[in-house]
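[1] model the following, please.
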Amino acid sequence: QRVVFCPLKEALAVEWSGEKGQAALRRTAPDYFLLQVLLKFRTDKGRDPSPQSYGEDSELLLQIRRDVLDALGVGADLLPDDFISYCFSEMAPVCAVVGGVLGQEVVKALSQRDPPHNNFFFFDGIKGNGVVERLGPK
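    Take a look at the predicted model:
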């Protein structure tokens, strides 16, 4: 038996217009939009935001936020300006939690005892909580 993962680009493709999209938008964590911004930053710059170039990277992150959220057809207020403060470091405990959840999902899929999460698990290292979002293709 295989564990099936869809391509990230496909999983992130959410249609926000229409009744279903608007309902999903009301319950979607800002972390989803933060992920979109960070992925675009990485694509454009070939690296993560760096404390050594904080000023330049902060401006670019704000521009990317505007571009990404406009392209998605949603308001920029879904990701407040303070999101920048979360973009300049990795927190080892967050990596451990997310890795543990991924391992748990693989075990659930292989054992078929419990249904796996359907699409995303976001962990907020500042608040210390996680949320499962069901977005994209169902």
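[2] which parts of the protein are strands?
    For the chain, the strands defined by DSSP state E occupy 120-124, 129-133.
[3] pick the most buried one from the ones you listed.
    Using mean count of other C-beta atoms under 10 Å, the stretch among the strands of the chain with the greatest mean number of neighbours is strand 120-124 (a mean of 17). Just so you know, the C-beta spots here come from the backbone N, C-alpha and C atoms, and that holds for glycine as well.
[4] strands paired with that one, and their directions?
    Next to strand 120-124 in the sheet, as set by DSSP bridges, lie strand 129-133 (antiparallel).
[5] so how far is the strand it pairs with off the chain centroid?
    Its chain's C-alpha centre lies 11 Å from the corresponding centre of strand 129-133 when counted by C-alpha atoms, centre = their mean, to the nearest Å.
[6] E15: which of the strands of the chain is closest?
    With C-beta to C-beta as the criterion, E15 lies closest to strand 129-133 of the strands of the chain, at 14.9 Å.
[7] state the mean pLDDT of that closest one.
    Mean pLDDT, computed over strand 129-133, is 77.
[8] contacts for stretch 44-63, please.
    Residues outside stretch 44-63 that contact it (C-beta atoms under 8 Å, 6 or more residues apart in numbering) are 37-38, 41-42, 64, 81, 83-84, 87-89.
[9] now the strands of the chain in CSV, with distance to G46?
    Output for the strands of the chain, formatted as CSV (distance: least, C-beta to C-beta, whole Å):
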stretch, distance to G46
strand 120-124, 24
strand 129-133, 27
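[10] give me the pLDDT for N119.
    N119 is assigned a predicted lDDT (pLDDT) of 69.
[11] number of nearby residues for R65?
    Close neighbours of R65, defined as other C-beta atoms under 10 Å, add up to 23.
[12] how near is P115 to K45?
    With the distance defined as C-beta to C-beta, to the nearest Å, P115 ends up 37 Å from K45.
[13] I meant F121, not that one.
    Distance of F121 to K45, given as C-beta to C-beta: 26 Å.
[14] A11: neighbour count?
    Counted with other C-beta under 10 Å, the burial measure for A11 works out to 15 neighbours.
[15] and L62, by the same measure?
    16.
[16] list the buried ones in stretch 51-62?
    Residues of stretch 51-62 classed as buried under the neighbour-count rule (16 or more other C-beta atoms under 10 Å) are 57-58, 60-62.
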